[in-house]
Each structure stands twice: as structure tokens, then as C-alpha cells.
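Undergrad: give me a model of this one.
(one chain, ligands or ions: 1)
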Amino acid sequence: MAVREVIIYPDPILRNKNTEVTTFDEDLKKLTDDMFDTMYEFEGIGLAGPQIAVNKRIVVIDIPDDEGNQHKNQLVIINPKITKLEGDIVESQEGCLSVPGYQDTVTRYQRCTVEYQNLQGEHCVFDNVDGLFAICLQHEIDHLEGKIFVDKLSRLKRERLHKKYAKILKDRQRGE
Ligand code: CO
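TA: Sure thing, here's the model as predicted:
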């Protein structure tokens with residue numbers, strides 16, 4: 001188990017095509033263990049393969065419980081496909097481990113249905129889920145399509161992001 005380097009926006013790795021997983025073996029399990037380690041290290045609730053430079057259709061999610069505790073609901077989601085988006089369009093305050101130091105409001109569907117495979121390769125479904133989990137699923141599956149939440153911002157907001165983010169990146173580099 002190991003913490004991997006997180007790929008930071010606007011790195012083109014985040015825009016690469018992500019391929020389907022076809023082999024469900026011990027290496028895949030190790031990779032997802034690393035993804036959880038990396039996600040916890042940087043205090044995230046979800047992480048997608050391209051965020052650690054693995055351009056494969058893999059997502060891990062761990063939504064905290066009511067007390068804010070993680071490690072109880074680890075989900076490994078392989079080859080996910082959104083099959084339904086339903087309900088109202090809701091605003092959500094989002095951040096991303098690949099866009100450190102920046103949060104903003106974007107819109108998502110309230111509910112979604114996602115077909116996926118688990119670590120054993122079995123076909124499973126999250127049926128009409130809602131709340132933070134539904135939003136997180138949409139955010140992470142966007143990563144597998146090369147999309148980042150800041151792509152959803154209006155032009156005005158994106159200009160503001162680029163100004164603010166340039167400073168954030170500079171401060172990060174100085175810190176390294
Ligand atoms: Co993200």
C-alpha cells in the first residue's frame with residue numbers, strides 16, 4: 001500500500017482516454033488499495049484512476065458517515081456507466097484533489113443509476129441513489145471521461161478560477 005502522486009489540473013493526463021478494466025486480479029486490488037491510501041492522505045471522498053496517472057476506468061469512493069468517519073464504506077467501482085440521471089438539478093459545492101485549494105458551486109442531477117463491476121468483476125448497480133453519493137459518483141465518472149468539475153463553471157467563474165489558481169499553483173511550487 002502506498003500514497004501515489006496526485007496529478008494536478010491542468011495536466012493533460014487528466015484529459016487522456018481511460019480504458020476499460022478487463023483483468024480482475026491481485027494487481028487491481030493493490031492499485032485500488034493505493035487509491036484509497038492516496039485519497040485518505042489528501043482528505044478526499046473519491047478518487048479516479050487518471051488522478052494518479054492510471055488511465056483506466058477505476059473509481060474509489062468513501063462517503064463519511066454522520067460523524068465524519070471514513071473507512072467504513074469503501075467502494076471500488078470499476079468500468080462504471082451512468083445509465084440514468086434523474087430528479088432536480090441541484091447545486092453542489094465541489095472540490096477535487098486534482099484542483100487543490102479551490103472549491104466552487106456546480107450543478108448536478110439529484111439522483112443517478114450507475115452500473116459497474118466490483119473488484120471480483122461481478123456486475124453490480126447503484127440504483128437511483130441520491131445525496132452526496134450521487135454527486136460524488138457523477139464527479140468521479142466525469143474524470144473517466146476526461147472532465148473536471150471546473151469545466152462546468154461559467155466563463156466568468158472560470159476566469160476567476162484561473163487567476164486564483166495560478167497563485168495557488170505558484171504557492172505550491174514554492175512549498176516543494
Ligand atoms: Co475530482
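Undergrad: okay, CA-based contacts and neighbour counts for the rest of this
TA: Noted.
Undergrad: got phi/psi on E86?
TA: Dihedral angles of E86 (phi, psi; degrees, to the nearest 10) stand at phi -140, psi 170.
Undergrad: same question for L137.
TA: The phi/psi pair for L137 (degrees, to the nearest 10) is phi -60, psi -50.
Undergrad: burial measure for it, as a count.
TA: 25 (other Cα atoms under 10 Å).
Undergrad: got the confidence number for it?
TA: Note for L137: predicted pLDDT of 98.
Undergrad: pLDDT below threshold where in this protein?
TA: Along the chain, the parts satisfying pLDDT under 70 run over 176.
Undergrad: quick one, strands of the chain?
TA: 46-48, 58-61, 75-94, 104-117, 123-129 (DSSP state E).
Undergrad: can you give me how far the first one is from the chain middle?
TA: From the chain centre to the centre of strand 46-48 is a distance of 3 Å (Cα atoms, centre = their mean, to the nearest Å).
Undergrad: partner strands of it, with direction?
TA: Strand partners for strand 46-48, identified by DSSP bridges, are recorded as strand 58-61 (antiparallel).
Undergrad: again with the longest one
TA: In the sheet containing strand 75-94, the strands it pairs with under DSSP bridges are strand 58-61 (antiparallel), strand 104-117 (antiparallel).
Undergrad: got a list of contacts for the last one?
TA: Put plainly, it is strand 104-117. With contact meaning Cα atoms under 8 Å, 6 or more residues apart in numbering, strand 104-117 is reached by 77-95, 123-131, 134-135, 138, 149-150, 152-153.
Undergrad: repeat that for 6 Å
TA: With Cα atoms under 6 Å, 6 or more residues apart in numbering as the test, strand 104-117 has contacts from 78-94, 123-130, 134.
Undergrad: what are the buried residues along it?
TA: Neighbour counts over strand 104-117 (16 or more other Cα atoms under 10 Å) mark 105-117 as buried.
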